[in-house]
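> just coords:
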């Protein structure tokens with residue numbers, strides 16, 4: 001079974017993962033499993049199985065997904081409205097002219113500060129969709145302070161903007177979106193009630209989508225390219241990863257390995273942030289909702305070699 005899994009992983013790396021992994025790298029990762037939870041052979045077998053079920057999205061796929069965000073989630077709905085409001089016109093010149101008006105009244109933003117993954121994606125989003133630089137702003141540029149005769153008011157910096165579109169890579173539990181955007185969204189809705197605010201993500205859990213669609217955040221204006229429902233949680237009752245098992249692979253053993261080592265790597269969230277249980281990695285980072293045994297780097301007390309390394313945020 002180990003040889004079969006090795007062949008599958010190397011095939012995935014060659015054909016789907018943009019040659020992300022070599023077998024020596026996999027071997028180094030497998031050296032972490034030293035028999036603390038199950039016997040060593042059983043641990044490495046189940047670790048290989050979890051790796052073989054993982055999804056890795058390289059730069060090429062991410063770029064295509066960013067193209068889909070623009071064409072399917074942003075552009076198409078606007079064009080549908082243009083046609084609907086103009087007797088279902090099929091005139092391409094008219095439609096494109098009206099669409100450009102809507103585009104120029106839109107601003108695209110990232111989630112988080114400029115060093116994080118949301119804003120990082122804006123560069124590729126602009127590039128792959130051939131968009132003008134002026135369409136992109138920071139959230140601090142939405143509003144401005146107006147001082148007139150000792151009267152201070154907060155107003156919309158550009159009153160011609162009708163859409164603010166926030167872009168993100170992964171919407172997990174929704175905690176980070178609420179943390180970053182609750183206050184600014186409250187201000188936007190209060191000061192610019194005629195403007196609409198949207199949130200588009202490459203990946204999103206069903207839980208995260210429901211949270212972001214709440215009235216105090218985006219009030220339903222939330223979409224993603226790839227929804228991660230309950231079946232993408234590795235050990236959920238609906239898990240897609242443990243059907244038609246063979247070669248000695250057992251769900252409860254895989255759980256013991258993931259939870260056992262995860263408890264050492266991240267005691268508060270041994271199966272990923274808020275029990276995310278994902279098997280997902282992106283070329284620019286690995287979400288902390290993923291199993292820690294995939295991405296954790298460990299420390300002197302608990303050394304660990306990651307297979308899809310996560311680059312943590314430093315807050316101080």
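Everything's here; your move. This one's a predicted model, so the numbers in the text were calculated from it and none came from an experiment.
> residues in contact with the nearest residue to residue 17 once chain neighbours are set aside?
Distances taken as Cβ to Cβ, 6 or more residues apart in numbering place residue 56 nearest to residue 17, at 4.3 Å, with adjacent residues excluded. (C-beta placed from N, C-alpha, C; glycine too.) Going by Cβ atoms under 8 Å, 6 or more residues apart in numbering, residue 56 touches 12, 16-17, 20, 280-283, 308.
> residue 165 - how many residues pack around it?
Using other Cβ atoms under 10 Å, residue 165 has 21 other residues around it.
> how would you label it: helix, strand or coil?
Local secondary structure at residue 165 is given as strand here, using DSSP: H, G, I helix; E, B strand; the rest coil.
> contacts only, for it.
Under the criterion of Cβ under 8 Å, 6+ apart, the contact partners of residue 165 comprise 74, 106-109, 197-200.
> hmm, 7 Å instead?
With contacts defined as Cβ atoms under 7 Å, 6 or more residues apart in numbering, residue 165 is in contact with 74, 106, 108-109, 198, 200.
> now, which of those residues lie within strands?
106, 108-109, 198, 200 (DSSP state E).
> among these, which one lies nearest to residue 262?
When these are compared for distance to residue 262 (Cβ to Cβ), residue 200 comes out closest, at 30.8 Å.
> burial count for that closest one?
As a burial measure, the neighbour count of residue 200 was computed by other Cβ under 10 Å and equals 25.
> repeat for residue 51
The local packing count at residue 51 equals 22, with neighbours defined by other Cβ under 10 Å.
> isn't there a helix covering it?
Yes: membership of residue 51 in a helix is supported by three-state DSSP.
> so it sits against residue 307, correct?
Yes: Residue 51 is in contact with residue 307 according to Cβ atoms under 7 Å; the separation is 6.3 Å.
> the residue nearest to residue 17 pairs with what?
For residue 56, the residues forming beta bridges with it (DSSP bridges) are residue 281.
> now the strands: where do they sit in this structure?
Secondary structure of the chain by DSSP E: the strands cover 55-57, 106-110, 143-148, 151-156, 163-171, 196-205, 222-228, 280-282.
> in the longest one, what counts as buried?
For strand 196-205, the neighbour count (16 or more other Cβ atoms under 10 Å) marks 196-205 as buried.
> for residue 221, what are its contacts?
Contacts were defined as Cβ under 7 Å, 6+ apart; by that measure residue 221 touches 196-199.
> measure it to residue 215 for me?
As judged by Cβ to Cβ, to the nearest Å, residue 221 and residue 215 stand 11 Å apart.
> list the buried ones in stretch 279-292?
By neighbour count, and taking 16+ other Cβ under 10 Å as the criterion, the buried residues in stretch 279-292 are 279-283, 285-292.
> next one: it to chain centre, how far?
In terms of Cα atoms, centre = their mean, to the nearest Å, the gap separating the centre of stretch 279-292 from the centre of its chain is 9 Å.
> got the end-to-end distance for it?
Chord length of stretch 279-292, first to last residue, is 10 Å (Cα to Cα, to the nearest Å).
> tell me the pLDDT at the closest residue in space to residue 9 that isn't next to it in sequence?
What sits nearest to residue 9 in space, not counting adjacent residues and going by Cβ to Cβ, 6+ apart, is residue 52, at 5.4 Å. Per-residue pLDDT puts residue 52 at 97.
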